[in-house]
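S.K.: Next one to model:
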Amino acid sequence: MTNTNNNHQLLAIDAWLRCLKLCSFYDDYIVRGSYVSRHWLKYPRQCHDLDLLYLQDYKLQYLVDHVKQVAHHTHDISFNTQSMTYEEIWQGTISPGVRFILPYQWQGEQHNLQIDIASNDPLISPPIEQSFNQVTFRTV
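M.R.: The predicted model follows:
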């Protein structure tokens, strides 16, 4: 299902999502993008980042705090929030967001996980909970 060059990225996403499930704000996030669609398509799809929708009002500091809190729960992969960077994206649209670059260690090597979080996107259908590879998350 996955390309070995991409395996560490998927492991990092899985670890981050498992930790999101432990947080009080879990229900405020919807997982979308290639991470979700790769499970539903019959052909392998590359997944290089994590795309999320935040269901509450856009507040940059809340999103920064949430990413840090999730990263501190991890056990499988060591995320480095002190070296994390972020930039606001899609400003001036109905769906402003933040792009995070979150460094992590995997097999002694440094990598970066990109997490894009948008807010205010309308949902056409209600969220459902899905589980793939022992990772549970909310999606549409």
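
S.K.: tell me the SS of residue 70?
M.R.: The assignment at residue 70 comes out as helix when based on DSSP: H, G, I helix; E, B strand; the rest coil.

S.K.: My read is that it contacts residue 19, right?
M.R.: Yes. The pair residue 70 and residue 19 qualifies as a contact (Cβ atoms under 8 Å) at a distance of 4.8 Å. Any C-beta I mention is one placed from the backbone N, CA and C, and that applies to glycine too.

S.K.: Determine the number of other residues adjacent to the closest residue to residue 88 other than its chain neighbours.
M.R.: Closest residue in space to residue 88, ignoring its immediate chain neighbours: residue 98 at 5.7 Å, by Cβ to Cβ, 6 or more residues apart in numbering. Residues lying near residue 98 (other Cβ atoms under 10 Å) number 22.

S.K.: repeat for residue 82
M.R.: Quick note: residue 82 (other Cβ under 10 Å) scores 7 neighbours.

S.K.: what about it, is that helix, strand or coil?
M.R.: Note that with three-state DSSP, the state of residue 82 is helix.

S.K.: go on, residue 47?
M.R.: coil.

S.K.: How about it, nearest residue that isn't a chain neighbour?
M.R.: The nearest residue in space to residue 47 (Cβ to Cβ, 6+ apart) is residue 34, at 4.3 Å.

S.K.: quick one: that neighbour and residue 51 touch, right?
M.R.: Yes. Applying Cβ under 8 Å as the test, residue 34 and residue 51 come out as touching, 7.3 Å apart.
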